[in-house]
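Asker: Dropping a prediction and its sequence here:
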Amino acid sequence: MTDASVNEVRSKNGFNGKQVFLIVLLTLLLVVVVAYFVLQSYVFTKEFEPVHLSQTEAAVLNEKIQALGFQPDTTVVSNKPKKKKWLWGSGTSKTEKSVASEVEPDLIPEAYKEDSSKREINFS
């Protein structure tokens with residue numbers, strides 16, 4: 001084999017430097033795009049903003065909820081968001097008691113209680 005034929009065989013096998021550079025660049029770009037998407041979606045999420053329905057949308061939603069067999073909440077008549085206050089603590093201070101009267105009953109947290117029953121698992 002002559003030197004020209006050896007160089008010709010080597011150039012046909014494998015990648016040249018330009019191809020390797022493009023492959024590395026495309027791989028790096030793909031990794032950066034995927035990492036950006038994952039970070040934006042799961043790590044740095046945006047604050048949740050509730051949806052406010054119009055009267056017609058609320059009526060349609062209530063019909064669909066009733067079709068499923070549930071009683072919809074009919075107290076919502078305004079599409080303006082209500083500010084709900086959370087009550088933290090035991091409710092013993094005067095300020096917490098005054099806030100407790102303004103808070104909806106389902107938003108008041110309850111103290112964690114655990115019964116002292118026997119917790120053994122038997123496998124047969």
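Answerer: Perfect, I can see it now. Numbers count the residues shown, from 1 in each chain.

Asker: use CA for all of it now, contacts and neighbours both
Answerer: OK.

Asker: Helix or strand, whichever it is, which one in this structure has the lowest mean pLDDT?
Answerer: Lowest by mean pLDDT, DSSP states H and E among the helices and strands of the chain is helix 94-102, with a mean of 50.

Asker: Helix, strand or coil: sort out Val20 for me.
Answerer: helix (DSSP: H, G, I helix; E, B strand; the rest coil).

Asker: and Leu28, what is it in contact with?
Answerer: Contacts for Leu28 (Cα atoms under 8 Å, 6 or more residues apart in numbering) come out as none.

Asker: go again using 10 Å as the cut-off
Answerer: Leu22 (Cα atoms under 10 Å, 6 or more residues apart in numbering).

Asker: in which helix or strand would I find it?
Answerer: Per DSSP states H and E: Leu28 is located in helix 17-38.

Asker: what's the answer for Asp115, then?
Answerer: Going by DSSP H and E, Asp115 is not part of any helix or strand.

Asker: Can you report how many residues lie near it?
Answerer: 5 (other Cα atoms under 10 Å).

Asker: Mind listing what's buried along the helix or strand containing Gln66?
Answerer: Using DSSP H and E, Gln66 maps to helix 55-67. Residues of helix 55-67 classed as buried by neighbour count (16 or more other Cα atoms under 10 Å): 58, 62.

Asker: Now it - C-alpha only, PDB.
Answerer: Provided in PDB are the C-alpha atoms of helix 55-67 (Å, rounded to 0.1, in the frame of the first residue of the first chain):
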ATOM      1  CA  GLN A  55     -70.800  33.100  36.100                       C
ATOM      2  CA  THR A  56     -71.400  31.000  33.000                       C
ATOM      3  CA  GLU A  57     -68.200  28.900  33.600                       C
ATOM      4  CA  ALA A  58     -69.200  28.400  37.200                       C
ATOM      5  CA  ALA A  59     -72.700  27.200  36.200                       C
ATOM      6  CA  VAL A  60     -71.300  24.700  33.700                       C
ATOM      7  CA  LEU A  61     -68.800  23.500  36.200                       C
ATOM      8  CA  ASN A  62     -71.500  23.000  38.800                       C
ATOM      9  CA  GLU A  63     -73.600  21.000  36.400                       C
ATOM     10  CA  LYS A  64     -70.700  18.700  35.600                       C
ATOM     11  CA  ILE A  65     -70.000  18.300  39.400                       C
ATOM     12  CA  GLN A  66     -73.600  17.400  40.000                       C
ATOM     13  CA  ALA A  67     -73.500  14.900  37.100                       C
END
